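1. below: sequence and its predicted model.
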Amino acid sequence: MSTANDAIKAAPAQPKRLLHRGLPVTTYHLRAAEPAEVAAAEQAVADAKDAKELADFRLGEAGEQAQAKAAEQLAEARARLKACYEPVKIRALDPDVYEAMAAEHEDEKKPGGLDEKALGKAVFLAGVQGVYSAAEWAETILPQCSRGERHELYFAALVINARATGGAIPKD
């Protein structure tokens, strides 16, 4: 049985690939639709899953048709739910830029010595990608977000910039 570690170990070495590493990007899905629309879309997915589960028990040609129809309805319901959210892309900053920002937000009174809320917001605004400017985010979009949504956006920006090696990556 092959494992992910075997695949990584078997991958051919690419000379000097570390000289051309791009900055990582993460995506946060921010609700853009009204809550009632999201609830209806979530219910449609749940109903479509139930219908697909029932269709999977049917036999013969009628069963195959019912399964195909149920799979199509589930795909449509999932697409409707996905459309309720706007993907927000956050690109990591150059390490020197991030470290300078972190130094600007040092606060000995805070746990860990950093004002993480202010740093998270600054890093988010510097790294957010897409059609909205940093000013639009700061002045219009973020004030509309819940405290939890803002926290998650800022945290996503901090995490993508930390870029610590994961424990799942083989080191032997």
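-> Perfect, I can see it now. Numbers count the residues shown, from 1 in each chain.

2. for residue 30, phi and psi?
-> Per-residue torsions, residue 30: phi -100, psi 130 (degrees, to the nearest 10).

3. can you list the weak-confidence ranges in this protein?
-> 1-13, 111, 164-172 (pLDDT under 70).

4. tell me where it has strands.
-> Per DSSP state E, the chain carries strands over the ranges 25-31, 85-91.

5. leaving out sequence neighbours, find the closest residue to residue 23.
-> Distances taken as C-beta to C-beta, 6 or more residues apart in numbering put residue 92 closest to residue 23, at 4.4 Å, once the chain neighbours are dropped. Backbone N, C-alpha and C define where each C-beta goes, glycine included.

6. roughly how far apart are that neighbour and residue 73?
-> Going from residue 92 to residue 73 by C-beta to C-beta, to the nearest Å gives 39 Å.

7. give me the more crowded residue out of the two.
-> Taking other C-beta atoms under 10 Å, residue 92 and residue 73 do not tie; residue 92 has more neighbours (21 against 18).

8. quick check: that one vs residue 140, distance?
-> Distance, residue 92 to residue 140, by C-beta to C-beta: 24 Å.

9. same check, this time on residue 134
-> 11 Å.

10. tell me how many other residues crowd the spatially closest residue to residue 74 that is not a sequence neighbour.
-> Sequence neighbours aside, residue 48 is the residue nearest to residue 74 in space, at 4.0 Å (criterion: C-beta to C-beta, 6+ apart). Neighbour count for residue 48, taken as other C-beta under 10 Å: 21.

11. quick one, what contacts residue 48?
-> Contacts for residue 48 (C-beta atoms under 8 Å, 6 or more residues apart in numbering) come out as 70, 73-74, 76-78.
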